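K.L.:
my questions concern the predicted model and sequence given below.
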Amino acid sequence: MAGAFEELQQCLKRLPGLGHRSAERLALHLLVEKPESSRELADSLRRAAEVVHPCPECGNLCEEACCAVCADGSRNRGLLCIVESVPDLRSMERAGAYRGLYHVLQGKLSPIHGVGPEQLNLATLGQRMERESFSEVILAVSNDIEGEATCHYLQEEILAPFAVSITRIGFGLPSGGGIPHADATTLRSALEGRRRYH
Ligand SMILES: [Zn+2]
């Protein structure tokens, strides 16, 4: 069995964006340079893991029965914006240009990476479409081959039976970076420049 330090380093290394050296540096920071911060981190991680979960309605992060967006009675309930991830949703919220509801896919279709429809948050999307009466569904999915395939699938397999206007956000978004890296102005104009999809 590996020692405690090794084990922590291995755990950190598995986090996105951390290589061997960064993991080692973080482990040293937590245990040697700032040992008092390691307990605080462990406590907040445990607490967050206990209370934070995906919103059963939309997939956003939430700590209650549903997320702050779904619970907000002042939102426009006729608009549904489909995004790939929670960071995308948060960028849209920071840009402040959208006041409808969201649906977070938790990814996009990518056969190469083993992501098929069953890996995405799609079951609840169909249920919401049946239950709610959205007037417009905005596809705010990235502008690459996988994003296009995802939009096509959503349109054909889920949205087609419903009398709803389907739009796709305009792009001036940085290529490859997508929504999380776009500034508020770019996001706002991408949303305003949305066009009818199909
Ligand atoms: Zn929600």
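P.N.:
Now that the structure is in, tell me what you want to look at. This one's a predicted model, so the numbers in the text were calculated from it and none came from an experiment.
K.L.:
tell me where the chain has helices.
P.N.:
Ranges of helices within the chain are 4-13, 20-28, 35-51, 68-71, 86-95, 123-131, 145-153, 184-192, based on DSSP state H.
K.L.:
mean neighbour count, mean pLDDT and distance to Ala163 for these - can I get that in a markdown table?
P.N.:
Just so you know, the C-beta spots here come from the backbone N, C-alpha and C atoms, and that holds for glycine as well. Supplementary listing: those in a markdown table, determined by neighbours: other CB atoms under 10 Å; pLDDT from 0 to 100; distance: least, CB to CB, whole Å:
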| stretch | mean neighbour count | mean pLDDT | distance to Ala163 |
| --- | --- | --- | --- |
| helix 4-13 | 14 | 93 | 49 |
| helix 20-28 | 15 | 94 | 51 |
| helix 35-51 | 10 | 94 | 39 |
| helix 68-71 | 16 | 97 | 23 |
| helix 86-95 | 19 | 93 | 25 |
| helix 123-131 | 14 | 94 | 10 |
| helix 145-153 | 18 | 94 | 19 |
| helix 184-192 | 16 | 87 | 23 |
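K.L.:
with distance to the ion added, can I get those in JSON lines?
P.N.:
Output for the helices of the chain, formatted as JSON lines (distance: least, CB to the ion, whole Å):
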{"stretch": "helix 4-13", "distance to the ion": "30"}
{"stretch": "helix 20-28", "distance to the ion": "32"}
{"stretch": "helix 35-51", "distance to the ion": "15"}
{"stretch": "helix 68-71", "distance to the ion": "3"}
{"stretch": "helix 86-95", "distance to the ion": "9"}
{"stretch": "helix 123-131", "distance to the ion": "10"}
{"stretch": "helix 145-153", "distance to the ion": "20"}
{"stretch": "helix 184-192", "distance to the ion": "19"}
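K.L.:
which stretch among the ones you listed comes nearest His113?
P.N.:
Minimum separation from His113 across these (CB to CB) falls at helix 145-153, 8.6 Å.
K.L.:
now tabulate the helices of the chain in a markdown table and tack on distance to Leu139.
P.N.:
Formatted as a markdown table, these follow (distance: least, CB to CB, whole Å):
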| stretch | distance to Leu139 |
| --- | --- |
| helix 4-13 | 36 |
| helix 20-28 | 35 |
| helix 35-51 | 31 |
| helix 68-71 | 18 |
| helix 86-95 | 12 |
| helix 123-131 | 12 |
| helix 145-153 | 5 |
| helix 184-192 | 11 |
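K.L.:
find the centremost residue of the chain, please.
P.N.:
Centroid-nearest residue in the chain: Ser85, 1.3 Å away (criterion: CA atoms, centre = their mean).
K.L.:
that one touches Leu120, doesn't it?
P.N.:
No. With contacts counted by CB atoms under 8 Å, Ser85 stays clear of Leu120, the gap being 11.0 Å.
K.L.:
overlap in contacts of the two?
P.N.:
Common neighbours of Ser85 and Leu120 (criterion: CB atoms under 8 Å, 6 or more residues apart in numbering): 105-107.
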